[in-house]
Structures are given as structure tokens and as C-alpha cells.
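In: Build the 3D model from these lines:
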Amino acid sequence: MPSVERRLPEKRRYPRFSVGGRIKGRVRAFYEASVMNVSLGGALIEHDQIIRPGSTSFVLLFLQGHPVSLRCHVTWSRVDRPELQPDGEKALIFRTGIEFLDPTGEAQQSLSDYIDSLRDALRVS
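Out: Here you go, the predicted model:
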């Protein structure tokens, strides 16, 4: 008998766009991070430092060459994989979900403009 996959209702308010690490950023101004996907409400980031779920932090994203600072809530974080560093040391790579908190008008506009450019690129493809 075929199985039926039960899907949980989607909790996100905004569509996500995969950017595969093309956006770079910093968490708390000094932890390097790559953005894996982004929406108007938050992002999935990849990094090599522990960020505690439940904490509030700042993330600095570089969108279309411009720095955008956003206050965020860390909703979850987990180890994704070990990775060999250029110096030969092993590091744990984390994936973390962040929710943007009350972005300023300018930050919201920059984020919206970037997401619009992603939508436009999808329409052309």
C-alpha cells in the first residue's frame, strides 16, 4: 500500500529564496556567515561559530554590494557537518535560522529590493 506523506502547515509568512551562500555577512560584527536562503522575515545562515538559539543578535548582510544591518532572533541552530579548514584544522559548520526583528525602513527596503531582484532573475530563467 502506498504511503501518504503528511505535511505540516507552512509557518513562514514570506517566501524564501535560495541564494546558496552568494550573500556574505557577519553575525555580531565578527563571525563570518554565508546566507543559504533569505526572505523578508529571516534567513538561513551557515557559519563556524556557536550561536545560541533564543538569543538576539545583529547580522550584517552585504546585499548588492551594500551593508545592511538587521537585528535578529536566533530561532534554531544545529551542527550541519565537519569541515577541513585551510590550516588543516577541523571545524564544525553550523546552520542557523534567524528571524529579522523590526528592520528599519532603509534595511527593509534594501532587503525588499534584493528579493525583488531574485524574483526578476527567476522570471527571466
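
In: before we move on, what SS does the closest residue to residue 40 other than its chain neighbours have?
Out: Leaving aside its sequence neighbours, residue 40 sits nearest to residue 14 (Cβ to Cβ, 6 or more residues apart in numbering; 4.3 Å). In this view, the C-beta of every residue, glycine as well, is placed from N, C-alpha and C. Following DSSP: H, G, I helix; E, B strand; the rest coil, residue 14 is assigned to coil.

In: neighbours around residue 14, how many?
Out: Other residues near residue 14 come to 12 when the count uses other Cβ atoms under 10 Å.

In: which stretches of this protein form helices?
Out: 105-124 (DSSP state H).

In: which stretches of it form strands?
Out: Along the chain, counting by DSSP state E, strands occupy 17-27, 31-38, 42-47, 56-63, 66-84, 90-100.

In: The last one vs strand 56-63, what angle?
Out: Translated: strand 90-100. Here strand 90-100 points in a direction 90 degrees away from that of strand 56-63 (axes from the mean of the first three to the mean of the last three Cα atoms, to 10 degrees).

In: Strand 90-100 pairs with which strands?
Out: strand 42-47 (antiparallel), strand 66-84 (antiparallel) (DSSP bridges).

In: List of residues touching stretch 83-97?
Out: Residues from elsewhere that reach stretch 83-97 (Cβ atoms under 8 Å, 6 or more residues apart in numbering): 36, 42-51, 53, 74-82.
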